[in-house]
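S.K.: sequence plus predicted model, see below.
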Amino acid sequence: MDNNILIKTEGLSKIYQMESAQVIALKDINLEIKHNEYVAIMGPSGSGKTTLMSILGCLDTPSSGSFYLDGVDVSSLDDNQLAEIRNKKIGFVFQTFNLLPRANCIKNVELPLIYSGVAKEERYGKAVKALEDVGLGDRMTHKPTELSGGQRQRVAVARALVNNPSLIFADEPTGNLDTKTGEEIMKLFAELWKKGNSIILVTHEEDIARHAHRIIKLRDGVVIDDFRNPNPVIA
């Protein structure tokens, strides 16, 4: 496989067995995403975009088909193996921030490093750097309740970056933010892409998707369009 290919799926499908019927969430998805691509996965509610992110982010496994991450077939790995890959290679940023309310910024950002078994002093140093990288060097000891929505999302981005992942997933990252703050967060993602990170943005909003350099559209679990964005928003 081409060393520049970060993600490759072949005939990827996901079927959920409900009480009385099967629900096809994804059907025969074939994709290639290269290192340092900035991709938006778009679609309305129920299109399969969250399911696709869950599989590509090693949070779930496909019902059939193959999924390769950095040349490794991860579609048949067990939960522990998937967790190890997530911790080493993938960072997540969610709409709801998912921060621990009673822990300060440093403690929140340190979490992935704790799961990785990183020593305390090294954890602290990496968390400080990650927070400085997102412009929160003066808010490190604040708790989430003492921060604005945009600052909380920056903490979430710092947490996603602290393990130096090769891939960052952003699931509706501006959904809980006002327009101005949302634009600031999108500028931050543009800076991360310029530094070499691969970014997959999951959104239903056209104006947010326009920041990406490639847009993949889903409907009813099928890719209906996959194209280069000729005019990505310059951040």
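M.R.: Everything's here; your move.

S.K.: okay, CA-based contacts and neighbour counts for the rest of this
M.R.: Noted.

S.K.: spit out the contact partners of K129.
M.R.: If you count contacts by Cα atoms under 8 Å, 6 or more residues apart in numbering, K129 has none.

S.K.: check the secondary structure at it for me.
M.R.: Three-state call for K129 (DSSP: H, G, I helix; E, B strand; the rest coil): helix.

S.K.: and it, how far from L113?
M.R.: From K129 across to L113, the span is 13 Å (Cα to Cα, to the nearest Å).

S.K.: ok, now R228?
M.R.: In terms of Cα to Cα, R228 sits 35 Å off from L113.

S.K.: for stretch 60-70, give me every contacting residue.
M.R.: The set of residues external to stretch 60-70 that reach it, using Cα under 8 Å, 6+ apart, is 3, 5-15, 28, 54-56, 73-76.

S.K.: give me that answer again for 6 Å
M.R.: Residues from elsewhere that reach stretch 60-70, judged by Cα atoms under 6 Å, 6 or more residues apart in numbering: 6-14, 54-55, 73-75.

S.K.: ok, now stretch 189-204?
M.R.: For stretch 189-204, the surrounding residues in contact (Cα under 6 Å, 6+ apart) are 35-44, 166-172.

S.K.: just stretch 222-235 next, same as before
M.R.: With contact meaning Cα under 6 Å, 6+ apart, stretch 222-235 is reached by K27, K187, R210, H211, A212, H213, R214, I215, I216, K217, L218.

S.K.: partner residues bridging the last one?
M.R.: Beta-bridge pairing of L218, defined through DSSP bridges, involves V223.
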